[in-house]
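**Q** Here is my input, please return the structure:
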Amino acid sequence: MRQKKWMTGLSAMLLATTLAACGDAEEEQTSDSTEEHSDHSMMDHSGSGEVPSGLSEATDPTFPVGSTAMMTADHMPGMDGTEATIVGAYDTTVYSVSYTPTDGGNPVEDHKWVIHEELDNPGEAPLEEGTEATLATDHMDGMDGAEATIDSAEQTTVYMVDFTTNDGEDVTNHKWVTEDELEGVK
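**A** Presented below is the predicted three-dimensional model:
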């Protein structure tokens, strides 16, 4: 009888340990997944389609409005390798920026992309790397009004696109994808 109680207790302990280990693994996996996408977790993937005043439509874009292209961009989860429909094409200076959100969120490094017309009183384009600027856009929570540092600048055509992510999320009026992040559909 005593041996039977001991075996039952041991079995219960093994079962509890096994279940606890499974619970930890699931929690750890979920945590890793969240961290992987935290840079854009507060991103408003779809936009209104409104563009800043002073932004010039591209006169002869490689990808005209209404055409489709394959995206090679990966600055948003599920974006790389998807087909996009071009809904806007504009000639401007595009910046990669680093900033601390105004809502107290974690600092954002090398955010792609903010265009010259989305900066508050930026002066003449292009701004030099290291220049401080105030963001006047809301691609992500806490972005509007944040002080940013210009990480890189490039004069190019930027595109507003509609697409469906690799996991099925429909995104409309996404701002911005640069010309070198698009390829012709084969």
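
**Q** I'd like the secondary structure assignment at the most centrally placed residue in the chain, please.
**A** In the chain, the centroid-proximal residue (Cα atoms, centre = their mean) is Met76; its distance is 3.4 Å. State at Met76, reduced to three classes by DSSP: H, G, I helix; E, B strand; the rest coil: coil.

**Q** can you pull the pLDDT of it?
**A** pLDDT, Met76: 88.

**Q** Quickly list the domain ranges of this structure.
**A** With domains defined by automatic domain parsing, the chain comprises 2-36, 56-184.

**Q** Next up, the contacts around Thr156.
**A** With contacts defined as Cβ atoms under 8 Å, 6 or more residues apart in numbering, Thr156 is in contact with Asp91, Thr92, Thr93, Val94, Thr178, Glu179, Asp180. Quick note: C-beta positions are derived from backbone N, CA and C, even for glycine.

**Q** chain center to the helix or strand where it lies, what's the gap?
**A** Using DSSP states H and E, Thr156 sits in strand 147-164. Computed by Cα atoms, centre = their mean, to the nearest Å, the separation of strand 147-164 from the middle of its chain amounts to 11 Å.

**Q** That strand pairs with which strands, parallel or anti?
**A** Using DSSP bridges, strand 147-164 pairs in its sheet with strand 83-99 (antiparallel), strand 132-134 (antiparallel), strand 170-178 (antiparallel).

**Q** Tell me which of the ones you listed sits nearest to Lys112.
**A** When the strands paired with strand 147-164 are compared by Cβ to Cβ, strand 83-99 sits nearest Lys112, at 5.2 Å.

**Q** Chain neighbours aside, what residue packs nearest to Pro101?
**A** Distances taken as Cβ to Cβ, 6 or more residues apart in numbering place Gly142 nearest to Pro101, at 2.7 Å, with adjacent residues excluded.

**Q** Tell me where the chain has helices.
**A** 2-36 (DSSP state H).
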